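Asker: kindly generate the corresponding structure for this input.
(one chain, ligands or ions: 2)
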Amino acid sequence: MEAQCSLCRFCPKLSISLIRSPNYSFLLKLPSSSSSFVQTNHSTLRSVWFKENIARRKNVQMVVSASLKGEVSKTVIQKKKLAVFVSGGGSNFRSIHEASLEGSVHGEIVVVVTNKSGCGGAEYARSKNIPVVLFPKTKDEPNGLSASELVATLKHFEIDFILLAGYLKLIPLELIQAYSKSIVNIHPSLLPAFGGKGYYGMKVHKAVVNSGARFSGATIHLVDEHFDTGRILAQRVVPVLANDSAEDLAARVLKEEHGLYAEVVAALCDERIIWRSDGVPLIQSKEHPNEFY
Ligand SMILES: Nc1nc2c(c(=O)[nH]1)N[C@@H](CN(C=O)c1ccc(C(=O)N[C@@H](CCC(=O)O)C(=O)O)cc1)CN2
Ligand SMILES: NCC(=O)N[C@@H]1O[C@H](COP(=O)([O-])[O-])[C@@H](O)[C@H]1O
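Answerer: Numbering: from 1, shown residues only. Ligands and ions are numbered 1, 2, ... in the order given. The predicted structure is shown next:
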């Protein structure tokens with residue numbers, strides 16, 4: 001009898017099913033590409049199940065995969081530590097924070113960085129007892145940090161990923177080099193269209209409507225030293241309707257942004273980002289680990 005094994009939720013990379021053999025040991029059926037079976041036994045399954053539940057309590061995620069040679073190896077994925085950068089209302093920040101609290105994002109927002117101490121995102125962070133750091137140092141924000149002070153602060157918080165969510169200042173090269181392939185940004189258009197210096201907030205949507213474009217959307221990309229030129233990681237498309245105002249379009253795009261950002265941050269925290277040989281980052285599907293998008 002073939003039964004879906006409890007191992008499957010540990011090893012999303014393999015679609016494994018259990019076949020109970022006559023001597024009561026378990027055979028792990030590897031993906032259809034190989035007809036081979038690997039032998040395991042009840043005690044392995046029981047110990048994996050036990051460790052997985054212990055792991056859950058320790059903020060780690062256990063991934064178990066069965067090798068062709070029959071070793072059942074376990075990979076422990078630590079819960080990631082996230083820094084979110086905001087300048088405005090912070091709805092994307094709130095969306096990611098809610099996903100983190102309900103568990104769909106295996107990460108914790110441990111610090112918020114802003115260039116506007118009174119913005120909505122910073123107020124929300126304070127209401128949730130999340131530390132707020134000012135960056136950069138300007139005449140309006142004399143208490144802001146320098147780039148090197150910010151890097152030191154983020155290292156102190158042991159940050160794994162930096163998420164820009166409506167942050168409006170240029171991220172300096174020093175921070176980009178300190179967090180290589182670990183800074184992402186969300187932009188409210190289908191890059192490379194309608195991106196770059198001067199393209200932020202409602203300015204983007206006004207340009208899209210005025211252009212007559214029939215589609216727009218949201219883009220999440222890796223951050224490099226220029227505005228909006230980093231490798232694209234994910235996009236969602238929305239229609240631009242004939243009588244849309246810029247505000248109508250902004251609301252439609254923002255709704256997609258919230259879902260897209262939570263999905264991408266979940267993939268980052270699950271270590272499901274795979275770099276194609278030509279440098280394009282892909283996301284490994286959680287439901288179908290053999291599929292990438
Ligand atoms: N090194 C990088 N830093 C930032 C990036 C990036 O891709 N690389 N993305 C931006 C976010 N962004 C678009 O997604 C963006 C934000 C702001 C601007 C812009 O023109 N800003 C104005 C100042 C606006 C203000 O202070 O109110 C400007 O620099 O003149 C363009 C794109 C975040 N950082
Ligand atoms: N170029 C950067 C840019 O325009 N970012 C945009 O600012 C808004 C922030 O909203 P939020 O503060 O409610 O998340 C979002 O629409 C985001 O895509």
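Asker: any idea how far whatever residue of the stretch 101-250 of the chain ends up closest to ligand 2 is from residue 274?
Answerer: Residue nearest to ligand 2 within the stretch 101-250 of the chain (CB to the nearest ligand atom): residue 166, separated by 2.7 Å. Every residue, glycine included, has its C-beta placed from N, CA and C. Counting by CB to CB, to the nearest Å, the separation of residue 166 from residue 274 is 28 Å.
Asker: more neighbours, these two?
Answerer: Using other CB atoms under 10 Å, the more surrounded residue of residue 166 and residue 274 is residue 166, with 24 against 12.
Asker: ok, that one touching residue 84?
Answerer: No. Contact criterion CB atoms under 8 Å: residue 166 and residue 84 do not qualify, at 9.5 Å.
Asker: overlap in contacts, these two.
Answerer: Shared contacts of residue 166 and residue 84 (CB atoms under 8 Å, 6 or more residues apart in numbering): 93, 121.
Asker: where do the helices sit along the protein?
Answerer: For the chain, the helices defined by DSSP state H cover 42-57, 91-102, 120-127, 147-156, 173-178, 202-211, 246-269.
Asker: for the last one, what is the distance to the chain centroid?
Answerer: So that's helix 246-269. Put simply, helix 246-269 sits 12 Å off its chain's centre (CA atoms, centre = their mean, to the nearest Å).
Asker: let me know the angle separating it from helix 91-102.
Answerer: For helix 246-269 against helix 91-102, the angle by axes from the mean of the first three to the mean of the last three CA atoms, to 10 degrees is 40 degrees.
Asker: quick one: low-confidence ranges for the chain?
Answerer: When residues are selected by pLDDT under 70, those of the chain lie in 1-74.
Asker: do that again at 80, thanks
Answerer: The model of the chain has pLDDT under 80 over residues 1-75.
Asker: what residues does it put near ligand 2?
Answerer: 86, 88-92, 121, 165-166, 186-188, 199-201, 204, 254, 257 (CB under 6 Å from any ligand atom).
Asker: let's go with 5 Å and repeat that
Answerer: Residues of the chain lying close to ligand 2 (CB under 5 Å from any ligand atom) are 88, 89, 90, 91, 92, 165, 166, 186, 187, 188, 200, 201.
Asker: just give the nearest non-adjacent residue to the fifth one, would you?
Answerer: Pointing back at residue 92 there. Spatial nearest neighbour of residue 92, chain neighbours left out: residue 165 (3.9 Å); criterion: CB to CB, 6 or more residues apart in numbering.
Asker: picking that back up, could you dump the helices of the chain into CSV and include mean neighbour count?
Answerer: Formatted as CSV, these follow (neighbours: other CB atoms under 10 Å):
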stretch, mean neighbour count
helix 42-57, 14
helix 91-102, 20
helix 120-127, 18
helix 147-156, 16
helix 173-178, 15
helix 202-211, 17
helix 246-269, 20
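Asker: redo those helices as CSV? Include distance to ligand 1.
Answerer: Below are the helices of the chain laid out as CSV (distance: least, CB to the nearest ligand atom, whole Å):
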stretch, distance to ligand 1
helix 42-57, 35
helix 91-102, 11
helix 120-127, 14
helix 147-156, 11
helix 173-178, 6
helix 202-211, 8
helix 246-269, 11
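Asker: okay, residue 272 and ligand 1: tell me how far apart.
Answerer: Separation of residue 272 from ligand 1 (CB to the nearest ligand atom, to the nearest Å): 22 Å.
Asker: so what's that residue up against?
Answerer: For residue 272, the contacting residues are 283, 284, 285, 286, by CB under 8 Å, 6+ apart.
Asker: please name the nearest non-neighbouring residue to residue 217.
Answerer: Distances taken as CB to CB, 6+ apart place residue 237 nearest to residue 217, at 4.2 Å, with adjacent residues excluded.
Asker: same check on residue 215?
Answerer: Once flanking residues are discounted, residue 215 sits nearest to residue 237: 5.4 Å by CB to CB, 6+ apart.
Asker: how near is that neighbour to ligand 1?
Answerer: Residue 237 is 17 Å from ligand 1, by CB to the nearest ligand atom.
Asker: now do the contacts for that residue.
Answerer: By CB under 8 Å, 6+ apart, the contact set of residue 237 is 190, 215, 216, 217.
Asker: quick one, which of those are buried?
Answerer: 190, 216, 217 (16 or more other CB atoms under 10 Å).
Asker: check whether the last one really touches residue 235, as I assumed.
Answerer: Yes. The pair residue 217 / residue 235 is scored as a contact, 5.8 Å apart, by CB under 8 Å.
Asker: so what's in contact with those two at the same time?
Answerer: In terms of CB under 8 Å, 6+ apart, residue 217 and residue 235 are both contacted by the residues residue 190.
Asker: sweet, I'm off.
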